[in-house]
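[1] Model the following, please.
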Amino acid sequence: MDLGIDRQALVPVVQQIVSAVAQWIRKSGAAPGTRLPSVRQLALDNLVSQSNVVEAFERMVAQGLLVPRQGSGFMVAPPAASRETQWYEGAEQAWGTFTDGPLGELKLGCGWLPDAWRESDDISYAIREVSRTDTAGLFNYSTPLGLPALREQLLKRLTHMQVASGLECILTTHGASHAQDLLIRTLLKAGDTVVVEAPGYGNLFRQLAFHGVHLLEVPRTHGGPDIPALEALLQHHRPKCLFINGLYHNPTGTSLCREVAERLLQLARREDFLIIEEDIYGDLQHASCVRLSALPHEGRVIYVSSFSKTLSSALRVGNLSASAAIVARLASLKTLTGIGTSRFAEAVVASLLANGTYRKWVQRLRKRLGMQMAATLQVLEDEEWRVFAIPSGGMFLWVKPGVADPSRLHAQARRLGVLLSPGALFSPSGELSDWLRINVAYADDQRALALFRAMGPARPTSTILKTTSV
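    Numbers count the residues shown, from 1 in each chain. A predicted model of the protein is given here:
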């Protein structure tokens, strides 16, 4: 068994062995009970130490992929019957568990950056600095509104974005989802009606449904919510809030245009509803952009953001900006339900903001994502996939095969070891759709490229061979 070990790669040899063996199990369709080559033979064939092979196999035993047999080495484990394992056969459940798939599948539709793209040295330095200079951050709670040093940095950021605010109007949270949950609990009650975009962020839909809130769908267009459709809804309903993802919308990648933004604010004033503007991808902007929060809104807009997607999901640091009165209510609920946010995590983010590290990091990230976005769009065009819109930045594309039968898509993806995020996951009602979300940061993987080709136009055999050999 050739494991294809790359000794120049940043991935440790043990993890390469785990990934290679898992991929072999998936591609070969090895039945439960299939015996793997001996530790000694596998190490000899791939010029690695036996201890590395043993450690890799033990990890796979812990993951439920292998079982040890006394005197017989290691064998392919039978499939688990638990619901968690069945989730991997779906789409959102597979990547939505926020852990690696059991066989090292490619999460082509996930909502975060690949580990290989992360710059851990800067975060490690900030962690050491905070540990050395702010011992209290290692042991104590943060304040109800959040760490003052972080809120001061956030105020500078908001001021730079022309989002009017003050320290008393800024609240830190455990990411954007926590901010949304606090807002739902504080501003809404069971039976209330809100407007959401379709497609949109599935976790928000589930949060709202959990609290008994009724959802009205407004289609997302290239420039934001469909204004005529929204006006039609407002003729018959009195929603309390509109939830919108303005910049680099999840999942379509589109951004709000000024004409639509101004009309939304007019409708909010006339019909007396609040707008919750989520901006977790806004730092990826390349050029001028439109934020509702940056326009005159008379307190109608609440701004929500997070560092989870751009910096680190593990730190779980988010924030929101609203009127001082609303923030005071949110802070009380935050304290009641969770005591407070992590002072340590907030101190790390504050340090990265204060010394300019975060700003430099997102500049590099924008450039890399921009290059990958252009490359992915070219591949999709070559393979005749349909693209909903050409984003000006960000990490998402909303696409579907333009030629091959869409019913083949998921079978092809399973065969290639690609986990998808289909359109139903982004529908408030769970409506089936041929559209799916692509994260361009993962689209240069050979498995993704093979999927794009497999669902593209049929080609003569000679062309296929030529493409494969390049």
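
[2] Give the rounded mean pLDDT of the longest helix seen in the chain.
    The helix spanning the most residues in the chain, taking DSSP state H as the definition, is helix 357-382. Averaging pLDDT along helix 357-382 yields 95.

[3] Buried ones in that helix, by neighbour count?
    By neighbour count with 16 or more other CB atoms under 10 Å, helix 357-382 contains the buried residues 357-358, 361-362, 365-366, 369-370, 372-373, 376-377, 379-380. (Glycine included, C-beta is placed from N, CA and C.)

[4] Low-confidence stretches in this structure?
    Across the chain, residues meeting the criterion (pLDDT under 70) sit at 9-11, 80-104, 286-287, 404, 459-470.

[5] which strand is the longest one in it?
    strand 214-221 (DSSP state E).

[6] Would you mark the buried spots in that one?
    Result for strand 214-221 [16+ other CB under 10 Å]: buried residues 215, 216, 217, 218, 220, 221.

[7] Specify the local secondary structure of the closest residue to residue 146 other than its chain neighbours.
    Once flanking residues are discounted, residue 146 sits nearest to residue 172: 2.8 Å by CB to CB, 6 or more residues apart in numbering. With DSSP: H, G, I helix; E, B strand; the rest coil as the basis, residue 172 sits in strand.

[8] mind checking how far residue 172 is from residue 301?
    Using CB to CB, to the nearest Å, we find residue 172 at a distance of 19 Å from residue 301.

[9] try residue 389
    Residue 389 is 24 Å from residue 301, by CB to CB.

[10] Also residue 23?
    Distance from residue 23 to residue 301, by CB to CB: 47 Å.

[11] ok, now residue 336?
    25 Å.

[12] do residue 202 as well
    Taken as CB to CB, the span from residue 202 to residue 301 is 23 Å.

[13] the more surrounded of the two?
    For residue 202 versus residue 301, the count of surrounding residues by other CB atoms under 10 Å is larger for residue 301: 26 against 19.

[14] Tell me which residues touch that one, please.
    265, 268, 274, 275, 276, 277, 292, 293, 295 (CB atoms under 8 Å, 6 or more residues apart in numbering).

[15] By neighbours, which of those wins?
    residue 277 (28 neighbours).

[16] right, and the helix or strand after the helix or strand hosting that residue?
    Residue 277 belongs to strand 274-278 when assigned by DSSP states H and E. Where DSSP H and E defines the elements, the next helix or strand beyond strand 274-278 is strand 301-306.

[17] Mind telling me what element the most far-flung residue of the chain relative to its centre is part of?
    The C-alpha centroid of the chain is most remote from residue 71, which lies 44.3 Å away (CA atoms, centre = their mean). Counting by DSSP H and E, there is no helix or strand that carries residue 71.

[18] State the distance from it to residue 315.
    For residue 71, the distance to residue 315 - CB to CB - is 47 Å.

[19] Ok, residue 264 next?
    32 Å.

[20] Could you check which of the two is surrounded by more residues?
    The neighbour comparison of residue 264 against residue 315 (other CB under 10 Å) goes to residue 264, with 25 against 22.

[21] The residue minimising distance to the centre of the chain: what's it in contact with?
    Nearest residue to the geometric centre of the chain (CA atoms, centre = their mean): residue 111, 1.7 Å. By CB under 8 Å, 6+ apart, the contact list for residue 111 reads 250, 309, 439.

[22] Using TSV, please lay out these together with neighbour count and distance to residue 446.
    Formatted as TSV, the contacts of residue 111 follow (neighbours: other CB atoms under 10 Å; distance: CB to CB, whole Å):
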residue	neighbour count	distance to residue 446
250	24	26
309	21	25
439	25	16
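
[23] Just name the closest of the residues you listed to residue 324, please.
    residue 309 (27.7 Å; CB to CB).
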